[in-house]
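A.B. asks: sharing a model that was predicted from the sequence below.
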Amino acid sequence: MPTPGLCEGYLLKRRKWPLKGWHKRYFVLEAGILRYSKSQHDVSRGRVQGSLDISQAVMSINKKSNRIDLDAGDILYHMKAKNHELFYIWVTKLQAHRLYKKNEAVQVQSGFLQPLSFSPIALTVTDAQKPPSVNTAVNSKVSAWLQQSHAPETCAQELNRCHLDLSELNRLIQRLQALETSQVVSNGDLQRIISIQVKTCFVLIAALATRKYRASISRAPNSVAPKSTGQRTKLPALCPDNSHVGLMAILYNNIGKDLARVSMPAALNEPVNLLQRLCEELEYSELLDTAANTPDPYHRMVYIAAFAISGYSTATFRNRYKPVNPVLGETYECIQEDRGFKLISEQVCHHPPISACHAESDNFCFWQDQRWKNKFWGKSLEIIPTGMVNVTLPKYGDHYEWNKVVTCIHNVFSQQRYLEHYGEVTIQNLSSRVCTCKITFVKSRYWGSETNKNEVQGTVLDESGSVIHRFGGLWHEGIFCDTLPTPKCVWKPNHLLYYGFSSFAMEMNELRPELEPFLPPSDSRLRPDQRMLEDGLVDEADRKKDEIEELQRLRRKELSKKGEEHVPRFFKKTKDQCGRDVWVTKGTYWDLRENPGFASLENVKLCQIKI
Ligand SMILES: CC(C)CCC[C@@H](C)[C@H]1CC[C@H]2[C@@H]3CC=C4C[C@@H](O)CC[C@]4(C)[C@H]3CC[C@]12C
């Protein structure tokens, strides 16, 4: 197959950080590899900002907005052409190059013994390729899934990365040579060099800061093995092997649907549900206790920030299973005597799924309603949360509120699946303007290196916007603040035991006999399917899960026949200060539990038969 012609020119490329927005970039498509730089000049000098093997990427297009999205599993490119003609040329060229590169990979794969024309894989590739007019976004995603083959894929990715590193090295050598021979440079050149130097400095400072933070974090003492809470330290059974579950077919049949609304086989679930996961975000509630005993507002903000980051740390190993979806009306309570807080959460809405929670202790109140949108790009799934997190510290009258970042499940279908968080969090104190905090979850590919995965950087600013504190680190390793009177590691994650469950996570679904009489029948601990899953009875769990979901449908039908809607029991919908819909506690749960107790109250029956 002849190499398709080179294609180059300017396109707009979306950037998430820094300088979020659409930026003009010069793209070159050659032999199946798409590279880009700031300008044509940069390309000619070998300065490549990024590159992607397009045979590994799923392409989605939007004719109306001239958009092309490429998802290579690890890397996501969002591009836009200036007009429809250019858009059409790029789509056609991208497809031709993709086909070429795929064929090349197949040739390598099938070796010398099999002539290419008889290679069944080569034929599939050609068959699956359709002209752009019929190739809708969905079609191209599906055909790309079908063509997935992992070994050459990883290899190509590695090669691609090497290529990037080499061109960067080449550029540095050239610059060094130029400095050595101290060439006379023109004004324009000088400006460009200065601008590159400034940017390089920016990059280097950021990278150095993280390195420094990392070193300090690793010197800080590790979290001690958790003290005994008298609760279980083991799960009853090992997690089931779910590598045989055809995730691709499930997602293909549910394109565009919320992940939380797709019914998935129980083998994909972890024995923790989304209401319990809300509770898990309080694992490091001691940071809030510390904040509640820190008189300096800037210093206090550092602890609030560390708490906001700590909620993301469970993601390191938790990507093989998804949490169980709670049914409408399901509740979960958690009394943490050691940590001094109690929490209640409830599934308050089914379409879209919304889980609300409220926790209180002597030191703080914490609440949020969790909902999110999904964007599926073909190989990666972006989870875009929309609710806000709230914390109040009664001692200082503070009310902190912050947004959540995007979580991306890279390589959803493959064994190389991993989670990444990216974006900016702004923490505001709604009761005082004295300080705000900005935290950036850095997109790992930005600096093109593996070593700074999971990087976080943050600043605490005063009213005028001056930086008072700086902190940073990695969301899976810890956070260090070097501007405090005594610089210190403000947070380090706890031990992770089974399958990324900390001891805190492991205790959440334990049904202690002394607790059982107090629980309402809607409590997650009483979900028989989740219990079966925990006990390793996957097939039984699967059947039970279907039964419970069917019951949920029946309940909904009955209600709608009567022209009624489900009314959440412990939470109510109101508006926050900005006019957004939020779910807050009615404050009735703990009182009802105490008097008269749920046993003597009318309760919703979520699952008829008890285990
Ligand atoms: C299809 C399956 C097997 C793949 C695994 C999916 C897992 C990793 C997904 C499914 C639902 C996801 C969660 C949904 C919502 C949120 C809230 C957000 O603020 C932080 C991330 C978090 C907590 C997600 C983490 C990743 C998650 C647990």
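C.D. replies: Received it, and whenever you're ready, just let me know what you need.
A.B. asks: against residue 105, how distant is the nearest residue to residue 290 once chain neighbours are set aside?
C.D. replies: The shortest distance from residue 290 to any non-neighbouring residue, by C-beta to C-beta, 6 or more residues apart in numbering, is to residue 303 (5.1 Å). Placement of C-beta: from N, CA and C, glycine included. Using C-beta to C-beta, to the nearest Å, residue 303 is found at 51 Å from residue 105.
A.B. asks: please apply the same query to residue 236.
C.D. replies: Residue 236 is 45 Å from residue 105, by C-beta to C-beta.
A.B. asks: which of those two has more neighbours?
C.D. replies: Neighbour count, other C-beta atoms under 10 Å: between residue 236 and residue 105, residue 105 has more, with 24 against 12.
A.B. asks: can you tell me the SS state at the more buried one?
C.D. replies: At residue 105 the chain is in helix, as set by DSSP: H, G, I helix; E, B strand; the rest coil.
A.B. asks: that one against residue 98, yeah?
C.D. replies: No - when contacts are counted by C-beta atoms under 8 Å, residue 105 is not listed as touching residue 98 (10.6 Å).
A.B. asks: shared neighbours, those two?
C.D. replies: The contact sets of residue 105 and residue 98 overlap at residue 55 (C-beta atoms under 8 Å, 6 or more residues apart in numbering).
A.B. asks: who are the contact partners of residue 546?
C.D. replies: By C-beta under 8 Å, 6+ apart, the neighbours of residue 546 are residue 263.
A.B. asks: that's a helix at it, yeah?
C.D. replies: Yes - when three-state DSSP is applied, residue 546 is found to be in a helix.
A.B. asks: which pLDDT does the model give it?
C.D. replies: Looking at residue 546, its pLDDT is 92.
A.B. asks: ok, now how distant is it from residue 526?
C.D. replies: 18 Å.
A.B. asks: also residue 215?
C.D. replies: In terms of C-beta to C-beta, residue 215 sits 47 Å off from residue 526.
A.B. asks: what of residue 213?
C.D. replies: For residue 213 relative to residue 526 (C-beta to C-beta), the value is 44 Å.
A.B. asks: neighbour-wise, which of the two wins?
C.D. replies: residue 213 (26 against 19).
A.B. asks: list the contacts of the more buried one.
C.D. replies: 471-473, 479-480, 482.
A.B. asks: can I get the CA coordinates of the host helix or strand of residue 436 in PDB?
C.D. replies: With elements taken from DSSP states H and E, the one containing residue 436 is strand 435-441. As requested, the backbone C-alpha atoms of strand 435-441 are provided in PDB (Å, rounded to 0.1, in the frame of the first residue of the first chain):
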ATOM      1  CA  CYS A 435      -8.700  34.000  51.300                       C
ATOM      2  CA  THR A 436      -9.400  31.700  48.400                       C
ATOM      3  CA  CYS A 437      -7.500  28.700  47.200                       C
ATOM      4  CA  LYS A 438      -6.700  27.400  43.700                       C
ATOM      5  CA  ILE A 439      -5.700  23.800  43.100                       C
ATOM      6  CA  THR A 440      -4.600  22.400  39.800                       C
ATOM      7  CA  PHE A 441      -4.700  18.700  39.000                       C
END
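A.B. asks: so what are the sheet partners of the helix or strand just after it and their directions?
C.D. replies: Sequence-wise, the next helix or strand downstream of strand 435-441 (DSSP H and E) is strand 455-462. Sheet pairing for strand 455-462, assigned by DSSP bridges, gives strand 435-441 (antiparallel), strand 467-474 (antiparallel).
A.B. asks: may I see the buried residues of the lengthiest strand in the chain?
C.D. replies: For the chain, the longest strand by residue count, based on DSSP state E, is strand 418-429. Neighbour counts over strand 418-429 (16 or more other C-beta atoms under 10 Å) mark 418-423, 425, 427-429 as buried.
A.B. asks: residue 86: which of those residues is nearest?
C.D. replies: Nearest to residue 86 among these: residue 422, at 28.9 Å, using C-beta to C-beta.
A.B. asks: helix/strand/coil for residue 91?
C.D. replies: With three-state DSSP as the basis, residue 91 sits in helix.
A.B. asks: quick one: neighbours of it, just the number.
C.D. replies: Applying other C-beta under 10 Å, we find 20 other residues in the vicinity of residue 91.
A.B. asks: then the one 5 residues further on?
C.D. replies: Here the neighbour count serves as a burial measure; for residue 96 (other C-beta under 10 Å) it reads 18.
A.B. asks: just confirm it is within a helix.
C.D. replies: Yes - Residue 96 sits within a helix when classified using three-state DSSP.
A.B. asks: how about it: what's its closest non-neighbour residue?
C.D. replies: residue 4 (4.2 Å).
A.B. asks: show me what contacts the one you found?
C.D. replies: Contacts for residue 4 (C-beta under 8 Å, 6+ apart) come out as 93, 96-97, 100.
A.B. asks: ok so, going back, if any of the contacts of residue 213 are buried, give me the ChimeraX selection for them.
C.D. replies: In ChimeraX syntax, the buried subset of these is picked out as below (16+ other C-beta under 10 Å):
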select :471,472,473,479,480
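A.B. asks: from the contacts of residue 213, which is closest to residue 516?
C.D. replies: residue 479 (38.6 Å).
A.B. asks: just give the nearest non-adjacent residue to the closest one, would you?
C.D. replies: residue 473 is the one closest to residue 479 (C-beta to C-beta, 6+ apart), at 4.3 Å.
A.B. asks: wait, the one you found touches residue 215, no?
C.D. replies: No - counting by C-beta under 8 Å, residue 473 stays clear of residue 215, with 10.4 Å between them.
A.B. asks: tell me the buried residues in stretch 309-329?
C.D. replies: 309-316, 318, 321-329.
A.B. asks: these in helices, which ones?
C.D. replies: 309-310 (DSSP state H).
A.B. asks: of the buried residues of stretch 309-329, list those near the ligand.
C.D. replies: Among the buried residues of stretch 309-329, proximity to the ligand is found for 315, 321-323 (C-beta under 6 Å from any ligand atom).
A.B. asks: any idea which of those residues is closest to residue 401?
C.D. replies: Nearest member of these to residue 401, counting by C-beta to C-beta, is residue 315, at 22.4 Å.
A.B. asks: now do the closest one, the pLDDT please.
C.D. replies: Looking at residue 315, its pLDDT reads 87.
A.B. asks: my guess is it contacts residue 421, does it?
C.D. replies: Yes - contact status for residue 315 versus residue 421: in contact at 6.9 Å, counting by C-beta under 8 Å.
A.B. asks: quick check: neighbours shared by these two?
C.D. replies: 407, 475.
A.B. asks: distance check, the closest residue to residue 515 other than its chain neighbours against the ligand.
C.D. replies: Leaving aside its sequence neighbours, residue 515 sits nearest to residue 525 (C-beta to C-beta, 6+ apart; 7.8 Å). Shown here: residue 525 relative to the ligand, a distance of 20 Å by C-beta to the nearest ligand atom, to the nearest Å.
A.B. asks: bridging residues for the residue nearest to residue 479?
C.D. replies: residue 456, residue 479.
A.B. asks: got a pLDDT number for it?
C.D. replies: For residue 473, the model assigns a pLDDT of 94.
A.B. asks: on that earlier part again, including distance to residue 270, could the strands paired with strand 455-462 go into TSV?
C.D. replies: What follows is the strands paired with strand 455-462, written out as TSV (distance: least, C-beta to C-beta, whole Å):
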stretch	distance to residue 270
strand 435-441	23
strand 467-474	23
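A.B. asks: turn those strands into JSON lines, columns for distance to the ligand.
C.D. replies: Listed next are the strands paired with strand 455-462 as JSON lines, based on distance: least, C-beta to the nearest ligand atom, whole Å:
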{"stretch": "strand 435-441", "distance to the ligand": "11"}
{"stretch": "strand 467-474", "distance to the ligand": "17"}
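A.B. asks: among those strands, which is nearest residue 381?
C.D. replies: Taking those one by one with C-beta to C-beta, strand 435-441 is closest: 17.0 Å.
A.B. asks: show me the contacts for the nearest residue to residue 366 once chain neighbours are set aside.
C.D. replies: Among residues not flanking residue 366 along the chain, residue 359 sits closest, at 4.4 Å (C-beta to C-beta, 6+ apart). Listed by C-beta under 8 Å, 6+ apart, the contact set of residue 359 reads 279, 282, 285, 341-344, 365-367.
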